[in-house]
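[1] The amino acid sequence is not available; the structure is as follows:
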């Protein structure tokens, strides 16, 4: 190979690359639709620093979608759905690879993050993924977020997976977001969600979705490992884990982690290619696609005393509830603060109206104000307003208490944690974050 082939022109001296040409390249690589976003687009400003940390040369993000076969995703047999998730997921990474190779052969720097996994696991329990594909796709005009928090493509609906390739060239044209949302607000995703994670008012219980649907992913896997560690023998293990659950975990380890539900995707009727069956025969659509998922007898994983536990028992009494841990435990005060909104249980907070001041000292000094009222949670930096309960705590002692490695009583006796105000408010606080 000649030296000339290795020379890479400075991206600052290049003419803008043709968006039309890049689109043709992405389509030829296997993408089903493509859009382009500048690294300086305000819509992804919150992602910019993290993207540049991984891709210092980034100037343009190539966002693309890959279609999934709908009937696999809709089947009550989740093995059909998961094989499609895995198959299209692998192909999404393959498209990223092929497009990156094409660009590299042209002397253009390009790289891509995975569609899903592997991720930067060392960051756990904080954000592990390198690029958030959803907001990039929305900024690239490939869809809008639906009630179920999945991107809905105007033609393919939500039966898509997303990929992103980051390149060091500016383009002569960028995409614009859609000026409408394909979501029908039909609330079928609300009706079919087995954990009640998707609320009719647009609210979302992250912990409920994560605990069940992602049971064989990160936190659920951690809980399974700790269950093994806590068992005194095979008999003790089998008292807590059924054989089918062990086999399912083996299957996820062998073939890729499997989703337990993803029913919100299965029933979504939005999208030009999808909506016909719904509009043509709504009762038939409900009977053939929605009802089998609602009527399916299955195990639903919930954290004890969570809103999801109450919801499953009330809404789907034929489904079996199993209490588990989800591995959502804070490793730092910063992650404790970030995790509050993800773990907040709206219904458990009913009737509680209180302001909490947290003053952390020691290894991680931080002040927080947490306000809970009318089933809403607000978390702010600093000590704001008048508190009903003030918690002074050594940061590490507080984290050990949260991880159940230190009793609250011992921490209070040793003054590692001190309370000023009604201590019953601390118990009420705990109920909001089971």
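    Yes, it's here. Because the structure is a prediction, the values reported are computed rather than measured. Numbering: from 1, shown residues only.

[2] so the nearest residue to residue 91 once chain neighbours are set aside, which of the three states?
    Computed as C-beta to C-beta, 6 or more residues apart in numbering, the closest residue to residue 91 that is not its neighbour in sequence is residue 66, at 6.1 Å. All C-beta spots, glycine's among them, are computed from the backbone N, C-alpha and C. Recorded secondary structure, residue 66: strand (DSSP: H, G, I helix; E, B strand; the rest coil).

[3] Surely residue 66 is in contact with residue 163?
    Yes. Assessed by C-beta atoms under 8 Å, residue 66 is found in contact with residue 163 at 6.7 Å.

[4] between the two, who's got more neighbours?
    Ranked by neighbour count (other C-beta atoms under 10 Å), residue 66 and residue 163 place residue 163 first, with 31 against 23.

[5] that's a strand at that one, yeah?
    Yes. Under three-state DSSP, residue 163 falls within a strand.

[6] so what's it up against?
    31, 63-66, 92-93, 95-96, 112, 115, 133 (C-beta atoms under 8 Å, 6 or more residues apart in numbering).

[7] 10 Å instead?
    26, 29-31, 34, 62-66, 89, 91-97, 99, 112-115, 131, 133, 136-137 (C-beta atoms under 10 Å, 6 or more residues apart in numbering).

[8] For the stretch 1-150 of the chain, which segments count as helices?
    Along the stretch 1-150 of the chain, counting by DSSP state H, counting those that start in this stretch, helices occupy 3-6, 19-29, 45-54, 70-74, 78-105, 133-139.

[9] got the ones you listed as a markdown table, with mean neighbour count, mean pLDDT and distance to residue 303 columns?
    Compiled in a markdown table, the helices of the stretch 1-150 of the chain are given as follows (neighbours: other C-beta atoms under 10 Å; pLDDT from 0 to 100; distance: least, C-beta to C-beta, whole Å):
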| stretch | mean neighbour count | mean pLDDT | distance to residue 303 |
| --- | --- | --- | --- |
| helix 3-6 | 7 | 40 | 55 |
| helix 19-29 | 17 | 98 | 41 |
| helix 45-54 | 13 | 97 | 29 |
| helix 70-74 | 19 | 98 | 27 |
| helix 78-105 | 18 | 98 | 21 |
| helix 133-139 | 23 | 98 | 25 |
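
[10] For those helices, give me TSV that also has distance to residue 216.
    Below are the helices of the stretch 1-150 of the chain laid out as TSV (distance: least, C-beta to C-beta, whole Å):
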stretch	distance to residue 216
helix 3-6	45
helix 19-29	31
helix 45-54	27
helix 70-74	18
helix 78-105	10
helix 133-139	21
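
[11] hang on, isn't residue 193 packed against residue 268?
    No. Residue 193 is not in contact with residue 268 according to C-beta atoms under 10 Å; the separation is 11.7 Å.

[12] The closest residue to residue 358 other than its chain neighbours: what secondary structure?
    Closest residue to residue 358 apart from its sequence neighbours, by C-beta to C-beta, 6+ apart: residue 368 at 4.3 Å. Put simply, residue 368 is strand when judged by three-state DSSP.

[13] For residue 368, give the beta-bridge partners.
    residue 358, residue 381 (DSSP bridges).

[14] and it, how many residues sit next to it?
    20.

[15] List the contacts of it.
    Contacts for residue 368 (C-beta under 10 Å, 6+ apart) come out as 333, 336-337, 340, 356-360, 379-384, 391.

[16] now these: which count as buried?
    333, 336-337, 340, 356-360, 379, 391 (16 or more other C-beta atoms under 10 Å).

[17] nearest to residue 74, of the residues you listed?
    residue 340 (35.3 Å; C-beta to C-beta).

[18] Distance of the closest one relative to residue 89?
    31 Å (C-beta to C-beta, to the nearest Å).

[19] same question, residue 196
    Distance from residue 196 to residue 89, by C-beta to C-beta: 27 Å.

[20] so which of the helices of the stretch 1-150 of the chain gets nearest residue 285?
    helix 70-74 (10.3 Å).

[21] Against which helices or strands is that closest one packed?
    helix 78-105, helix 263-267 (3 or more C-beta pairs under 10 Å, 6 or more residues apart in numbering; DSSP states H and E).

[22] Direction included, what does the helix or strand where residue 301 lies pair against?
    Remark: residue 301 resides in strand 299-302, with elements defined by DSSP states H and E. Strand 299-302 has the following sheet partners, assigned by DSSP bridges: strand 320-323 (parallel).

[23] pLDDT weak spots in the chain?
    1-13 (pLDDT under 70).

[24] ok, which stretches of it are strands?
    Under the criterion DSSP state E, strands of the chain are mapped to 33-38, 60-67, 110-111, 144-145, 151-152, 160-167, 299-302, 320-323, 354-361, 366-373, 376-381, 389-394, 417-421.

[25] which residues touch the closest residue to residue 85 other than its chain neighbours?
    Of all residues beyond its chain neighbours, the one nearest residue 85 is residue 259 (6.7 Å), with distances taken as C-beta to C-beta, 6+ apart. With contact taken as C-beta under 10 Å, 6+ apart, residue 259 is in contact with 78, 81-82, 85, 212-217, 252, 265.

[26] likewise residue 396?
    332-333, 360-364, 406, 416.

[27] try 6 Å
    362-363 (C-beta atoms under 6 Å, 6 or more residues apart in numbering).

[28] how far away is it from residue 204?
    31 Å.

[29] follow-up on the earlier one: redo the helices and strands packed on helix 70-74 as CSV? Include distance to residue 17.
    Listed next are these as CSV, based on distance: least, C-beta to C-beta, whole Å:
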stretch, distance to residue 17
helix 78-105, 9
helix 263-267, 34
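
[30] Residue 351: which of those is closest?
    Among these, if distance is taken as C-beta to C-beta, the winner is helix 263-267, at 29.7 Å.

[31] Check which helices and strands that closest one sits against.
    Here helix 263-267 touches helix 70-74, helix 188-192, going by 3 or more C-beta pairs under 6 Å, 6 or more residues apart in numbering; DSSP states H and E.

[32] Show residues contacting the first one.
    In this case it means helix 70-74. So helix 70-74 is contacted by 80-81, 84, 159, 265-266, 289 (C-beta under 6 Å, 6+ apart).

[33] Repeat that for stretch 173-184.
    Taking C-beta under 6 Å, 6+ apart as the rule, stretch 173-184 contacts 19, 35-36, 38, 139-141, 144, 146-147, 152, 154, 270.
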